[in-house]
Every structure is written in structure tokens, then in C-alpha cells.
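Colleague: model the structure of this input:
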Amino acid sequence: MENKNFYDILELGHSASQDEIKSAYRRLARRYHPDVSKEPNAEERFKEVNEAYETLRDPERRSYYDQFGTAGATQTNDPQSGFGFGRSGFETRSAPGFDFWDDILGGMGKNAGGGAEYRPGHTKKSQPRNETADIDITVEDSIHGRTKRIMIPDVSGQTPRSINVKIPKGITDGSRIRLAKQASNGLGDLLLRIHFMAHHLFKPMERDLYITVPIAPWEAALGASIQIPTADGTKVEMKIPSGTPSEKQFRLRGRGLPASPPGDQIVVVRIAAPPPRNDEERELYQRMAETMNFDLRQY
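Modeller: Residues are numbered from 1 along each chain as shown. Purely as a prediction, here's the structure:
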């Protein structure tokens, strides 16, 4: 009988604790289980991982193995354990104490009423299962439509994946992009939830874009024509009527996110009084206060 190094199979040292042995088994079972693994030697490796775990998880059997090797471990084999090293017809299923789908992968892909057992020649077919991930985009990504390379976390605990995602023009915050058969098991769909990153000028609301623009008191009082930046990188001229109050909203048609019809850009003007920088400006404010006699607080 071949004398296998069960510690090497589980990628552990000889002093590994029982918790470390259990953790290693979970990790390697997830990696090599034939129902989900794409590695060419997955079935054989899964058998070895199960065999190693069955020996090292039991303190008595582990003690025999440490003294006498593989031959010593098989002498304590329990025929009722569901896992026999010396039997013909070796079964590749999860070791006792674990249900692969519930304990190792958290139930992913398990059929209702079905088991998680795999037997050579009778592979349990993985079921399609959609997954959801969040991605952040900019307002400009939605305005222009772009292809972005993003990192997607793998729910099965493997290394995150890098994929190209086409951002459609006009996509809104909270929308989803469906990528067919891009789930981690290669069967289900990957649903990407869109989140807009904070912008230094614009705040998206559905397809409209809000922007707050400061105006001087004399512009509000006398009227003015001011330049307004838009999300496509250009500027447009907008007229401020005489007597415009603070927080007044103006609508620039078609300047929001692209669609049919497109959204609008909502300009919120906010009156900002500059502080006096010298005696002359301070005197001007004083004359305004004396001349206008305007009470803002008529409660």
C-alpha cells in the first residue's frame, strides 16, 4: 500500500490543530469537488483530500497514522463511517460531518430535496444560479457609454475576476446590467447593480442632473446672463431674471442623461454674498443697508 503524506495533501504541517485541519478540508473540498471544479485532476484530488481529512480529523486514527503511516491508519477504519479507505468502489463524496453544498459552498447549486453526493460515472449537474455584484460608475460613463474593466468578487471564495463591462448610455443609478452565464460557476447570470460615484458638480435624480450654481446678490436683483457647465463637458448661457430668489430652479431641456426622451439638467441658483475686502466695499454694504431698508425676516 502506498504510504501517502496526508499532511502534504491538506497543505498542512504535522503540528496542525484540528481547527486548521477542518479549515484546510473546507478550502480544498471547495476547490476540487468534481461538481464545481474545472481542474482536470479534480476527482482524484478530491478523493485524496477526503481520505486525508478522514484520517487526520480523528485523534486516534491520526495517532496511528503518525506512528505507522497509511497502513496504520486503515487498521482503525470504521466501516460505518461512510468513507472506507480499504474498500473497493471508493466514493468521492464529502467527508463525514460536512454536507458539501450546505457547509462548503453555503447551499449554492443544491437541488431542493436532492443530495450533494457525487459518484464516479454519475456526476450531479450543477444548477444555474444567478449572482449579484455592485459596481461604481461616473456620471460621464452614463453620458458617453463606455467599456470598463472591473473586478468582480467571486462568491465561492476564489480569486476575484477581472471582466470587461459595456456601460450603456443613459443608464441610471440603481439599474442592473445582466451578463449571461458570467456567474462564478459559469452557468447562472451575473447581475451588476449600478451605483453612481459622487460628482463634484452633478447629482443624478433618475435621468435628471441637478447642479447648484452660486450667484451674486446684484445678479439676483438686477438679472444677469451666466455660464452653466453641462455634463457633456460644454457650457451653455442661461439668463437669470431680475428679482430671482435663492434656491430658484431652472430647467435646461435635454441636458440630463441620454434617453428617449433625454433627461434634463436642473440648475439651482443660490445667492452668495461676498465678504467686504476693504473699507470701500464695507461702506457700500452700509449704504445698501440704510437705503434699501429691506426686512428678510417677516415671520
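Colleague: Thr212 belongs to a strand?
Modeller: Yes. Assessed by DSSP: H, G, I helix; E, B strand; the rest coil, Thr212 belongs to a strand.
Colleague: from memory it sits against Arg270, does it?
Modeller: Yes. With contacts counted by CB atoms under 8 Å, Thr212 reaches Arg270, the gap being 5.7 Å. (Each C-beta comes from the backbone N, C-alpha and C, glycine too.)
Colleague: where's His199 relative to Ala231, distance?
Modeller: 9 Å (CB to CB, to the nearest Å).
Colleague: ah, wrong one, I meant Pro262
Modeller: For Pro262, the distance to Ala231 - CB to CB - is 11 Å.
Colleague: anything in contact with each of these two?
Modeller: Here Pro262 and Ala231 have Arg255, Gly256 as joint contacts, going by CB atoms under 8 Å, 6 or more residues apart in numbering.
Colleague: the two - which one has more neighbours?
Modeller: The residue with more neighbours, out of Pro262 and Ala231, is Ala231; 23 against 16, by other CB atoms under 10 Å.
Colleague: so what's the nearest residue to the more buried one once chain neighbours are set aside up against?
Modeller: What sits nearest to Ala231 in space, not counting adjacent residues and going by CB to CB, 6 or more residues apart in numbering, is Ile143, at 5.1 Å. By CB under 8 Å, 6+ apart, Ile143 lies in contact with Lys169, Ala231, Asp232, Leu257, Pro258.
Colleague: element containing Ile143, please.
Modeller: Assigned by DSSP states H and E, Ile143 belongs to helix 139-144.
Colleague: give the buried residues for that helix.
Modeller: For helix 139-144, a neighbour-count test (16 or more other CB atoms under 10 Å) marks Val139, Asp141, Ser142, Ile143 as buried.
Colleague: Serialize those to JSON lines and add fields for pLDDT.
Modeller: As requested, the buried residues of helix 139-144 are exported to JSON lines (pLDDT from 0 to 100):
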{"residue": "Val139", "pLDDT": "92"}
{"residue": "Asp141", "pLDDT": "92"}
{"residue": "Ser142", "pLDDT": "92"}
{"residue": "Ile143", "pLDDT": "91"}
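Colleague: go through these and say which is closest to Arg149.
Modeller: Among the buried residues of helix 139-144, Asp141 lies closest to Arg149 (CB to CB), at 12.5 Å.
Colleague: how close does that closest one get to Ser162?
Modeller: 17 Å.
Colleague: and Tyr32, by the same measure?
Modeller: The gap separating Tyr32 from Ser162 is 24 Å, by CB to CB.
Colleague: the two - which one has more neighbours?
Modeller: The residue with more neighbours, out of Tyr32 and Ser162, is Tyr32; 21 against 9, by other CB under 10 Å.
Colleague: wait, that one touches Pro40, no?
Modeller: No. Tyr32 is beyond contact range of Pro40, at 11.0 Å (criterion: CB under 8 Å).
Colleague: for the stretch 51-200 of the chain, what spans make up the helices?
Modeller: For the stretch 51-200 of the chain, the helices defined by DSSP state H, counting those that start in this stretch occupy 59-68, 70-74, 139-144.
Colleague: hey, least reliable of the ones you listed by pLDDT?
Modeller: Per-segment mean pLDDT for the helices of the stretch 51-200 of the chain reaches its minimum on helix 70-74, at a mean of 59.
Colleague: list the contacts of stretch 185-199.
Modeller: So stretch 185-199 is in contact with 36, 108-109, 126-139, 142, 152, 156, 165, 171-183, 204, going by CB under 8 Å, 6+ apart.
Colleague: in it, what counts as buried?
Modeller: Asn185, Gly188, Leu190, Leu192, Ile194, Phe196.
Colleague: what average pLDDT does stretch 10-30 get?
Modeller: Averaging pLDDT along stretch 10-30 gives 85.
Colleague: ah, wrong one, I meant stretch 224-242
Modeller: Mean predicted lDDT for stretch 224-242 stands at 93.
Colleague: CA atoms of that stretch as PDB?
Modeller: C-alpha atoms of stretch 224-242 as PDB (Å, rounded to 0.1, in the frame of the first residue of the first chain):
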ATOM      1  CA  ALA A 224     -27.800  88.500 -15.500                       C
ATOM      2  CA  SER A 225     -26.600  86.100 -18.100                       C
ATOM      3  CA  ILE A 226     -24.300  83.400 -16.700                       C
ATOM      4  CA  GLN A 227     -22.400  80.400 -18.000                       C
ATOM      5  CA  ILE A 228     -23.600  76.900 -16.800                       C
ATOM      6  CA  PRO A 229     -21.400  73.800 -17.200                       C
ATOM      7  CA  THR A 230     -23.100  70.700 -18.500                       C
ATOM      8  CA  ALA A 231     -22.300  67.000 -18.100                       C
ATOM      9  CA  ASP A 232     -21.100  66.600 -21.600                       C
ATOM     10  CA  GLY A 233     -18.200  69.000 -20.900                       C
ATOM     11  CA  THR A 234     -19.600  72.000 -22.700                       C
ATOM     12  CA  LYS A 235     -21.100  75.300 -21.300                       C
ATOM     13  CA  VAL A 236     -24.400  77.000 -22.000                       C
ATOM     14  CA  GLU A 237     -25.600  80.500 -21.300                       C
ATOM     15  CA  MET A 238     -28.600  80.900 -19.000                       C
ATOM     16  CA  LYS A 239     -30.500  84.100 -18.200                       C
ATOM     17  CA  ILE A 240     -31.200  85.000 -14.600                       C
ATOM     18  CA  PRO A 241     -34.300  87.200 -14.400                       C
ATOM     19  CA  SER A 242     -34.400  90.300 -12.200                       C
END
